[in-house]
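Visitor: below: sequence and its predicted model.
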Amino acid sequence: MSGHSKFANIKHKKEKNDAAKGKIFTIIGREIAIAVKEGGPDPANNSKLRDVIAKAKSNNMPNDTIDRGIKKAAGDVGNVNYEQVTYEGYGPSGTAIIVKALTDNKNRTAANVRNAFTKGQGSIGTQGCVSYMFDEKGQIIVDKEEYETDPDDFMMMALDAGADDFSEEEDSYEILTAPENFSAVREALEQQNVPMASAEVTMLPQTYVTLKEEADLNNIQRILDFLDEDDDVQEVYHNWDE
């Protein structure tokens, strides 16, 4: 995996997020609503809600905004009608793209996602057509500048907490977990005051595709930009080697 700086990607995502903070807060607000509906408004008894709160804080969402979102969701549980939907498809030169959305109108979202692929000369595929090329993992990234530690000691802390894998990059540490162990590992590190640049369950490509043709580069960027602008789209995963 060397050569794919996860931290650089996260910094890139965060910079984009700062430019579109309103959209990120909308997405997290919907995730809070879903988590409260599924497990109640008390984070102490709802690990999914704890994970969403951690994600909100890593995106600099103010505490009072988080609290308001939880209270609103708790008082509005019967009216939370967001559904999680996943689309899979192909970008230029066979690049694989997975789109996860939270929507209250599946027809609208499907049309918008299809349109994004079409604009970039891509195509939507059937369920499962590209997801087999990815592994679902809990992923925690720690910025070395924010956390000075002995790498071996840190690795043992992460593995003892239940992590599957630990790797050291030039600028960061990456910790991988099974999806079902993610919450426990994240909370164990949180209790040790480990600052996390990113902590989420994600889809990691098994291999990457390099695009060299200018048309391909423009097209995949068009797909990603259109998806990024859609308020229903929650996450986009791809195997393009940026």
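Guide: Yep, that arrived. Residues are numbered from 1 along each chain as shown.

Visitor: longest strand of the chain?
Guide: strand 134-143 (DSSP state E).

Visitor: for that strand, name the packing helices and strands.
Guide: Applying 3 or more CB pairs under 8 Å, 6 or more residues apart in numbering; DSSP states H and E, one finds that strand 134-143 contacts helix 6-19, strand 172-177, helix 182-191, strand 198-205. C-beta: built from backbone N, CA, C; applies to glycine.

Visitor: partners of it in the sheet?
Guide: Sheet pairing for strand 134-143, assigned by DSSP bridges, gives strand 172-177 (antiparallel), strand 198-205 (antiparallel).

Visitor: so the shortest one versus helix 182-191, what angle?
Guide: Angle between the axes of strand 172-177 and helix 182-191 is 140 degrees (criterion: axes from the mean of the first three to the mean of the last three CA atoms, to 10 degrees).

Visitor: what's the answer for the longest one, then?
Guide: For strand 198-205 and helix 182-191, the angle between their directions (the same axes, to 10 degrees) works out to 140 degrees.

Visitor: so what touches strand 198-205?
Guide: Residues outside strand 198-205 that contact it (CB atoms under 8 Å, 6 or more residues apart in numbering) are 6, 10, 51, 54-55, 58, 96, 98, 131, 133-141, 176, 179, 182, 186, 235, 237-239.

Visitor: again, 7 Å this time
Guide: Outside strand 198-205, the residues within contact range by CB atoms under 7 Å, 6 or more residues apart in numbering are 10, 54-55, 58, 98, 133-141, 179, 182, 186, 237, 239.

Visitor: any of those residues buried? List them.
Guide: Burial by neighbour count, judged by 16 or more other CB atoms under 10 Å, picks out 10, 54-55, 58, 98, 134, 137-141, 182, 186, 237, 239 from those.

Visitor: most widely separated two among those residues?
Guide: The most widely separated members of the buried ones among the contacts of strand 198-205, counting by CB to CB, are 54 and 239 (26.4 Å).

Visitor: residue 232 touches residue 110, doesn't it?
Guide: No: using CB atoms under 7 Å, residue 232 is not in contact with residue 110; the gap is 9.6 Å.

Visitor: this completes my enquiry, with thanks.
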